[in-house]
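In: Build the 3D model from these lines:
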Amino acid sequence: MVNVSDKPDTKRVAIAQGSITISPETLRLITTEKIAKGDVLTVAKLAGVMGAKKTSELIPLCHSIALDSIDLEFMPDLSGGRLTVTATAASTGKTGVEMEALTACAVALLTIYDMCKSAERGMVIGEIKLMEKRGGQSGLWKR
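Out: Next comes the predicted model:
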């Protein structure tokens with residue numbers, strides 16, 4: 001692990017985004033809460049939060065950090081057959097929260113797949129990427 005003990009505590013924020021390509025029919029089932037396993041978006045949000053909190057257990061050499069907040073937003077595009085997930089993680093500390101935001105996004109997308117696979121197996125989880133990070137020595141970075 002990288003030694004961050006000499007770094008000052010700063011407010012840090014990271015935003016990650018990913019998507020799942022899904023049929024409009026299945027997406028309609030999700031948005032009307034008619035998927036057999038239950039409320040997909042609520043469960044995916046909880047899974048994303050839990051994933052962010054366990055990031056250091058999943059990613060070798062990743063620092064364990066205290067999160068100030070983690071939030072997930074879901075943007076369905078019925079006509080395009082896509083559900084976009086945006087995860088925002090914040091912390092006050094010595095190291096960034098990019099991995100927590102990316103993990104939250106990935107876990108939420110995997111949860112959506114798991115909950116909807118009985119309705120559709122051909123879903124495709126798309127590019128998961130860092131959209132923005134703020135704080136620390138490098139300051140602001142945006143895609």
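In: Identify each buried residue in the helix or strand residue 57 falls within, please.
Out: Using DSSP states H and E, residue 57 sits in helix 55-58. Within helix 55-58, the residues scored as buried using 16 or more other C-beta atoms under 10 Å are 55, 56. C-beta here means a position set from N, CA and C on the backbone, and glycine is covered the same way.
In: Could you do stretch 89-96 as well?
Out: In stretch 89-96, counting by 16+ other C-beta under 10 Å, buried: 89, 90, 91, 93, 94, 95, 96.
In: Throw those into CSV and include pLDDT, secondary structure and distance to residue 134, thanks.
Out: Below are the buried residues of stretch 89-96 laid out as CSV (pLDDT from 0 to 100; DSSP: H, G, I helix; E, B strand; the rest coil; distance: C-beta to C-beta, whole Å):
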residue, pLDDT, secondary structure, distance to residue 134
89, 98, strand, 11
90, 98, strand, 9
91, 97, strand, 11
93, 89, strand, 13
94, 85, coil, 15
95, 85, coil, 14
96, 86, coil, 9
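In: Relative to residue 112, which of the residues you listed is nearest.
Out: residue 89 (18.9 Å; C-beta to C-beta).
In: Okay, and the beta partners of the closest one?
Out: residue 14, residue 70 (DSSP bridges).
In: Hmm, it is touching residue 13, no?
Out: Yes. Taking contacts as C-beta atoms under 8 Å, residue 89 lies within contact range of residue 13: 7.1 Å.
In: joint contacts of those two?
Out: residue 97 (C-beta atoms under 8 Å, 6 or more residues apart in numbering).
In: possible to save the buried residues of stretch 89-96 as JSON lines with distance to residue 107?
Out: What follows is the buried residues of stretch 89-96, written out as JSON lines (distance: C-beta to C-beta, whole Å):
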{"residue": "89", "distance to residue 107": "12"}
{"residue": "90", "distance to residue 107": "18"}
{"residue": "91", "distance to residue 107": "18"}
{"residue": "93", "distance to residue 107": "21"}
{"residue": "94", "distance to residue 107": "24"}
{"residue": "95", "distance to residue 107": "20"}
{"residue": "96", "distance to residue 107": "18"}
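In: Perfect, I'm done here.
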